[in-house]
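1. model the following, please.
(chains A, B and C)
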Amino acid sequence: MKRLATLALSALLLLPAAGRAADKVSDGVVKIGVLTDMTGFYSDLSGPGSVLAVRMAVDDFGGKVLGKPVQVIGADHQNKADIASATARKWFDEEKVDAIVDLPNSGTGFAVVPVATEKKRVTILSTTATTAFTGEKCTPYNIHYTYNNWMLANGTGREVVKQGGDTWFFITADYVFGKSLESDTSDVVKASGGKVLGFARHPQNSSDFSSYLLQAQASGAKVIGMANAGGDTINTIKQAKEFGITPKQTLAGLLVFISDVHSLGLDIAKGMYLTTSFYWDTDDQTRAWSKKFQAHPDNKKKAMPTMTQAGLYSATMHYLKAIQAVGADDADAVIAKMKATPVNDFFSRGGVIGPDGLHRHESFLVQVKSPAESKGPWDYYKILKRIPAAEAFPSVEAQKCPLVKK
Amino acid sequence: MSGTGIHEPRTLIRMGVITPRRKAIFFAVMAGLGALAPFAVYPVFLMNVLCMALFASAFNLLLGYTGLLSFGHAAFLGSAGYVTGHALKVWGWPTEAGILLGTLVATVLGLVIGGLAIRRSGIYFAMITLGFAQMIYFVAVQLPFTGGEDGLQGIPRGKALGLFPLEGRYAMYYFVYVVFLLGFYVIYRTIHSPFGHVLRSIRENEPRALSLGYDVDRYKLVAFVISAGLAGLAGATKAVVLQFETLTDVHWHKSGEVVLMTLLGGMGTVMGPSAGALIVVAMENYLSGFGDWVTVIIGCVFVVGVLAFRRGFVGEAARLLKSFPI
Amino acid sequence: MQALFGQLLVGLINGSFYALLSLGLSIIFGLVNVVNFAHGALYMTGAFFAWIGLSSLGIGYWPALLLSPLAVGVLGVVVERTMLRRLYQLDNLYGLLLTFGLTLIIEGLFHHQYGNSGNSFPVPEALQGGSNLGFMYLPKYRAWVVLVSLLVCFASWFVIERTKLGAYLRAGTENPRLLQAFGVNVPLMMTLTFGFGVALAGFAGVMAAPIYQVSPSMGSSLIIVVFAVVVIGGMGSIFGSIVTGVGLGLVEGLTKYLYPPAAATVVFAIMAVVLLLRPAGLFGREK
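-> So this is what the prediction gives:
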């Protein structure tokens, strides 16, 4: 009996120490899951390029943290919320994934973030736009890294109204991202003295936009705001030209990636305003990293990085550095460290992750060059304005995240 | 589907292969296996199988026993899921009440769609049900409460009978298991009732059933409504299990999937659809690493099934039993 | 006003595709007694063949307009000879199930190879631009699509209803055994009819490529609407399926103008009404 008690006591005493050693890096590996759209209409702007960006970050970090290997796995969620949620559950339950990153399309984001919160694992959103992720729906384990609707709406909306485009009609992707982008931009347009004349909603991944464009035409609005993304935006722009709408009415791309401009060609896209948080040709640092990304053997299309891919590299580095600094991969501690440390790299110059999880950093209002202005492939943007972090993103107070105590 | 060479259990009964005793033992063993399964296999997977098995069994009541191919059964699965999800999440209803409401909505929907669809038969019936299901799909895309493309997320599981929280690993499983057994019992009784015999006579020879004085349309409609209601029960339960409901469940792929389950397991057999559901769900689960090849594989299984394996696994097993009496 | 005509034009274009596809379905159903679920997938295949031809072989739109339907037709012949043929003695529901399986295979393969995102196919140079008609702006290519589709539809109708070959086809629908006894090779005729029917779908696919993005899912949502069109029109009449196809396209366009959210469901609502009033379809007769 006495022996048993001693045994139990020593076991109890040993337990915390042993636990700490094993818990330092749970399961002996740091696993980052890139859950993204590998084949669909966001695959060019995130997809395989996102996985590559995360891998590059892990390689540049040395492939190990705290002496344990860092693994990257990728999966295709096909833009379906149910597949995203099921994959996330499987990753957390069976594959011991520590962090899920990217999550293009807010629908899949809304499916995965609650699962991660329940399991106390980290999510880092990069290709996700809805502002509410760090607002009313904020969670302690989520970081929103690259851009959000507020930034897009304010950057582009305000500028276009200032240029005289004061009546708007929206062509909106009919899911949470599109609708919230539309409402954010409407607010900005109205606040800047413009008017919103109407909207048309289309399903994600549509092919024929003619009937929506005709509604926009009938509204007589000066500006047609495209609250959609990827292939949908590309098709809207093309068909607007086909139906002779574009010269008379102006298109405003609210979420346009450099990959979209690349596939449209400058002749069709020229003159368009857009807001982005990254452009490869900004300074020596961005050029150096982007050229490395472009030349990477796994980058089959030899594309320049989009803002979300660049953002993912930066976010992964920041995450791994936080694990290193904390000395463990415990989600609470790592997130706290990430929020406490400013980011300083080619993507984010002095960006700070707020208590709500939103990464506030500098962004850019740019205009697409005309073919004559462009010196070659991927020379697409003129930077009109560098928007400082405080102006580019909503303040912590404005986000109204319930986690943040007033 | 007349003349498909389905082996009637009655032949086997007559031959003494199936005796009441053997049958009772068989069902007891199956039920026991079902009760022990979650200790061996990932319960979420099992619950998925049970829901789909109920769905396929309900569908089989129509295809296997009445000879009507509905190509739109996803409409009932999905709409019940949405309604139940909404009732639990937004109105805060108790779990059972939510599931009942979902089932009820699917039943009413079955009455409307069935009432229209049975005005045509055969191939037209299939196309009409497909058309109405697609209509339900578009409605689900547009109605605000379904969440459109985002789906309905975060459905609470609640408590069984207001007492037992269903969050745990096993509680939810046994809840689903009980629902499945209940649904399965209803189907079993329907098939073996006089009503079920009339359905089979309609399948074999509709004009003859008509000439015998049966109100064929009425029988078809009742069968359709029961089938739709039970499909709804499956969908409602599934929404509680997975805690979300999305457009996948009202998409025509789902309607095709249930046809495949039934075909693969053996249409017109009691256990066939459940066996088929197990195979198809397992395929989707364990082949998911193959990415988009899964669709191709399922398509191939479909084609091979139609060309060479029309009796399905249970049908083939019954045939073997007949040629080698125990 | 401009909006109304614009939407009607969009409806007319959709209607021409409905007509082309439901015509093919009707011809196949009439003679081969199979409802071809893979019709939408073969329409998509036609569009993809054109796109692959352009992007990797340098074959332009005009040759593709002929070559792509031909290739799809050959594919159809292979399917009919190797698989569909085995099911003729069975209930025709098995044909539907088989072609459903084929749809999954075809869509899955293209999805695997080319992803889900649309690939754009440029409008041929001769048909670029458009003209302002005053009340609306008419892109040239869209006008071309409407004209050519209707032309092909009526040519097929003429062949079937007014020529000797058509007479054989119609006779085969009524009584294949008797026709066989007259020395007509009915199995061959069935193969060729199936090939021709799916070639029409391939042709529609090429026509659609420059308007819609070429993507693996382009056929599947369309085929279900076409099924509804077929139920509404009744499969008994070739003429009926053309008229119903175009008519429903226009109704859809009108709905987009009056109440856009109902545009996707209006065809199915009409199907419900027709089933209540005329179960056999507008032009059909109950067999």
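
2. if we ignore the residues flanking it in sequence, what's nearest A:His296?
-> Leaving aside its chain neighbours, A:His296 sits nearest to A:Leu52 (6.3 Å; criterion: CB to CB, 6 or more residues apart in numbering or on different chains). In this view, the C-beta of every residue, glycine as well, is placed from N, C-alpha and C.

3. flag every residue of the stretch 101-250 of chain B that's near chain C.
-> Taking CB under 8 Å from any CB of the partner chain, the part of the stretch 101-250 of chain B that reaches chain C is made up of B:116-117, B:119-120, B:122-124, B:126-128, B:130-132, B:134-135, B:138-139, B:141-142.

4. among the residues you listed, which lie within helices?
-> B:116-117, B:122-124, B:126-128, B:130-132, B:134-135, B:138-139, B:141-142 (DSSP state H).

5. near residue 83, how many other residues are there?
-> Went with chain A since none was named. Counted with other CB atoms under 10 Å in any protein chain shown, residues neighbouring A:Ile83 total 19.

6. chain C, not that one
-> 17.

7. measure it to C:Thr103 for me?
-> 13 Å (CB to CB, to the nearest Å).

8. again, but for C:Tyr61
-> Going from C:Tyr61 to C:Thr103 by CB to CB gives 26 Å.

9. max-length helix in chain C?
-> Every helix in chain C considered (DSSP H), the longest is helix C:2-32.

10. how about the residue lying closest to C:Gly6 once chain neighbours are set aside, secondary structure?
-> Nearest residue to C:Gly6, sequence neighbours excluded (CB to CB, 6+ apart): A:Leu214, at 3.8 Å. Classification of A:Leu214 using DSSP: H, G, I helix; E, B strand; the rest coil returns helix.

11. A:Leu214 touches C:Ala3, doesn't it?
-> Yes - A:Leu214 lies in contact with C:Ala3 (CB atoms under 8 Å); the separation is 5.4 Å.

12. against C:Gly166, how distant is B:Gln129?
-> Careful, residue B:129 is Thr and not Gln. Taking CB to CB, one finds B:Thr129 at 33 Å from C:Gly166.

13. contacting residues for the residue of the stretch 51-200 of chain B found nearest chain C?
-> Taking CB to the nearest CB as the measure, the stretch 51-200 of chain B has B:Met135 as its residue closest to chain C, at 3.6 Å. Applying CB atoms under 8 Å, 6 or more residues apart in numbering or on different chains to B:Met135 gives the contacts C:Thr265, C:Phe268, C:Ala269.

14. in strands, which of the residues you listed appear?
-> Counting by DSSP state E, none of the members of those fall within strands.

15. with pLDDT added, can I get those residues in TSV?
-> Below are these laid out as TSV (pLDDT from 0 to 100):
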residue	pLDDT
C:Thr265	89
C:Phe268	92
C:Ala269	91
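
16. buried subset of those?
-> C:Thr265, C:Phe268 (16 or more other CB atoms under 10 Å in any protein chain shown).

17. ok, the contacts of B:Met135 vs chain B, which is closest?
-> Nearest to chain B among those is C:Phe268, at 3.6 Å by CB to the nearest CB.

18. quick one: that closest one from C:Gly240, how far?
-> According to CB to CB, C:Phe268 and C:Gly240 sit 19 Å apart.

19. more neighbours: which of C:Tyr61 and C:Thr103?
-> When C:Tyr61 and C:Thr103 are compared for neighbours, C:Thr103 comes out ahead with 27 against 22, by other CB under 10 Å.

20. which residues touch A:Ala390?
-> A:Arg360.

21. count of neighbours near the residue nearest to C:Gly6?
-> 26.

22. then A:Ala116?
-> Neighbours around A:Ala116, by other CB under 10 Å: 22.

23. pretty sure it sits against A:Thr87.
-> No - counting by CB under 8 Å, A:Thr87 is not a contact partner of A:Ala116; they are 11.9 Å apart.

24. gap between the closest residue to A:Gln217 other than its chain neighbours and C:Ser131?
-> Leaving aside its sequence neighbours, A:Gln217 sits nearest to A:Ile245 (CB to CB, 6+ apart; 5.4 Å). Relative to C:Ser131, A:Ile245 is positioned 15 Å away (CB to CB).

25. about what we covered before: of the contacts of B:Met135, which ones also sit close to chain B?
-> Residues of the contacts of B:Met135 in contact with chain B (CB under 8 Å from any CB): C:Thr265, C:Phe268, C:Ala269.

26. what does the stretch 1-150 of chain B have sitting close to chain A?
-> B:Val44, B:Val141, B:Gln142, B:Gly147, B:Gly148, B:Glu149, B:Asp150.

27. let's see 6 Å
-> Residues of the stretch 1-150 of chain B lying close to chain A by CB under 6 Å from any CB of the partner chain are B:Gly148, B:Glu149, B:Asp150.

28. any chance of TSV for those, columns secondary structure, neighbour count and pLDDT?
-> As requested, the residues of the stretch 1-150 of chain B next to chain A are arranged in TSV below (DSSP: H, G, I helix; E, B strand; the rest coil; neighbours: other CB atoms under 10 Å in any protein chain shown; pLDDT from 0 to 100):
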residue	secondary structure	neighbour count	pLDDT
B:Gly148	helix	23	77
B:Glu149	helix	23	76
B:Asp150	helix	25	76
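
29. chain B: helices as residue ranges?
-> Under DSSP H, chain B gives helices at B:9-14, B:20-36, B:43-66, B:74-89, B:95-117, B:122-142, B:171-191, B:194-204, B:206-211, B:216-242, B:252-265, B:272-286, B:293-308, B:312-323.

30. kindly report the same for the stretch 51-200 of chain C.
-> C:61-82, C:93-114, C:140-162, C:164-174, C:176-181, C:186-208 (DSSP state H, counting those that start in this stretch).

31. okay, now the unreliable bits of the stretch 151-300 of chain B?
-> Counting by pLDDT under 70, the stretch 151-300 of chain B has low-confidence residues at B:288-289, B:291.

32. interface residues of it facing chain A?
-> B:Gly151, B:Gln153, B:Gly154, B:Thr246, B:Thr248.

33. so what's the fourth one closest to, chain neighbours aside?
-> Computed as CB to CB, 6+ apart, the closest residue to B:Thr246 that is not its neighbour in sequence is B:Gly151, at 3.3 Å.

34. understood, closing this out.
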